[in-house]
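1. I'll drop the sequence and a predicted model, then ask my questions.
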Amino acid sequence: MTDGKDAAAPAARRRFWDRAEAVAQPEGFAVQLDGRPVRLPGGAALRVASPALATALAAEWQAAGGGAKGGEFTPSDLKLTRIAGTMLERIAPDRQASVAALAGYAAGDLLCYRVHSPALLAERQRQEWDPWLDWLRARHGIALAVTYGVMPVEQPPEALARVRGLLESLSDGVLAALGVAVPALGSLVLGLALAEGRLSAEQATSCATLDERTQMEIWGYDAQQAERLAALGRDVADAVSFLRLVDAKGGESVPPAIDLP
C-alpha cells in the first residue's frame, strides 16, 4: 500500500533459474531454485511447515519472470513470498512488535467511525458494519465503542486488553497475513473475520471501501480512486490466499466464508 505519493517502482531482476520446486526437509518444506535454496533478505532459507504453502511459493517463483530464464521479475511478482518472509524474519523473532502494531488498529478501527450524513452512507454503515462489531462482541467478548465524526473515541481498556490476548494466541503465519490485510482494510475487526473464515476477500474489501464506493455513487466515478480500491482488494486477496495455505496440512486452514446468522 502507498500513501498516494509517487514512489519509485522496485527494480526488475533477471530470472536465473529454470525450475522452482518445494522440497521436503527435516525442518519443513523448502523452496529451491535449480536445487539451490531460496534465501530471504535477512539470510534465512525460505522454509515453511505447510506443504500446501511451500507448493504455492514454488509455483510463484516458477511463474516469476514469465517462466523462462532471463525474464524480468520484481518483488511484486512474489507476493506470498513477501508475506512468508515477514513471518520468518520479522514475526518469529519478535511477535510482540506485530501484536502491538495490529492491536493499535483496534483503537481506531474503521468500523467505529460513522457519519450522520449523507443519510445514504450513514444507513449503509449501520447495515454493513454493525453486524461485524456485534460478531466481535459475541465471538470474543470484545465490545468496541462507536463514534460519529472525526474526533477519536477512547476504546475501553478491557476491550483493548482482550484484543491483545486474542492476537497473542494467533500463529506467526496468521499474524503475517493480518499484517497485510488489516492496514489495507483499516480494520482489525474485518481482519479477524477474514482469519476465521467469516468473510471472503471480496466481502471484506467491499465492507472496508463502503465510504469510497458510496461517495463515487453520489458524486461520480473517479478512476484514480477506483484503481486504489482495486489495489486494496488485491492486497487483501493475497493475505487470504496466505491464510488458507499457511497452516494447511493438505487442506485449507481457513474455511470458506459463511454468512452471518
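-> Arrived safely.

2. pLDDT score for residue 137?
-> Predicted confidence (pLDDT) for residue 137: 98.

3. Please read the previous query as pertaining to residue 150.
-> At residue 150, the model reports a pLDDT of 81.

4. Contacts only, for it.
-> By C-beta atoms under 8 Å, 6 or more residues apart in numbering, residue 150 lies in contact with residue 113. Where C-beta positions appear, they are placed from N, C-alpha and C, glycine not excepted.

5. how does it look with 6 Å?
-> Applying C-beta atoms under 6 Å, 6 or more residues apart in numbering to residue 150 gives no contacts.

6. For my notes, confirm it occurs in a helix.
-> No - Residue 150 is assigned coil when assessed by DSSP: H, G, I helix; E, B strand; the rest coil, not a helix.

7. Which parts of the protein are helices?
-> 51-63, 79-86, 95-107, 119-140, 157-168, 172-185, 188-195, 201-208, 210-219, 223-246 (DSSP state H).

8. which other helices and strands contact the third one?
-> Right, helix 95-107. The contact analysis (3 or more C-beta pairs under 6 Å, 6 or more residues apart in numbering; DSSP states H and E) places helix 95-107 against helix 157-168, helix 172-185.

9. wait, which of the ones you listed is closest to residue 89?
-> helix 172-185 (10.2 Å; C-beta to C-beta).

10. Could you list the residues in contact with that closest one?
-> 1, 83, 86-87, 91-92, 98, 102, 105, 188, 191, 194-195, 208, 232, 235-236, 239, 242-243, 246.

11. which of the helices and strands packed on helix 95-107 sits most buried?
-> helix 172-185 (a mean of 24; mean count of other C-beta atoms under 10 Å).

12. and the angle for that one with helix 79-86?
-> Interaxial angle of helix 172-185 relative to helix 79-86 (axes from the mean of the first three to the mean of the last three C-alpha atoms, to 10 degrees): 120 degrees.

13. okay, the angle between helix 172-185 and helix 201-208?
-> Going by the same axes, to 10 degrees, helix 172-185 makes 40 degrees with helix 201-208.

14. so what's residue 186 closest to, chain neighbours aside?
-> residue 110 (4.0 Å; C-beta to C-beta, 6 or more residues apart in numbering).

15. Next one: the one you found relative to residue 46, how far apart?
-> 33 Å (C-beta to C-beta, to the nearest Å).

16. more neighbours, those two?
-> residue 46 (23 against 20; other C-beta atoms under 10 Å).

17. Name all residues that make contact with that one.
-> Counting by C-beta under 6 Å, 6+ apart, residue 46 has contacts 31, 38, 40.

18. how about 10 Å then?
-> Residues in contact with residue 46 (C-beta atoms under 10 Å, 6 or more residues apart in numbering) are 22, 29-33, 37-40, 54, 57-58, 61, 78, 81, 84-85, 88.

19. Over to residue 229?
-> 205, 206, 208, 209, 212, 213, 216, 222.

20. How many residues are close by the first one?
-> This points to residue 205. Counted with other C-beta under 10 Å, residue 205 comes out at 25.

21. out of the helices and strands packed on helix 95-107, nearest to residue 67?
-> helix 172-185 (25.2 Å).

22. re earlier: derive a ChimeraX selection command for the buried subset of the contacts of residue 46.
-> Of the contacts of residue 46, the buried ones go into a single ChimeraX selection, burial set by 16 or more other C-beta atoms under 10 Å:
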select :22,29,30,31,32,33,38,40,54,57,58,61,78,81,84,85,88
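
23. What sits closest to residue 41 if chain neighbours are left out?
-> Here the residue nearest residue 41, using C-beta to C-beta, 6+ apart, is residue 85, at 6.8 Å.

24. separation between the one you found and residue 39?
-> From residue 85 over to residue 39 the distance is 10 Å, taken as C-beta to C-beta.

25. shaky segments in the stretch 151-261 of the chain?
-> Applying pLDDT under 70 to the stretch 151-261 of the chain flags the ranges 248-261.

26. give me every residue that touches residue 16.
-> Here residue 16 is in contact with 33, 34, 36, 65, 69, 70 (C-beta under 10 Å, 6+ apart).

27. and if you look at residue 225?
-> Per C-beta under 10 Å, 6+ apart, neighbours of residue 225: 209, 212, 213, 215, 216.
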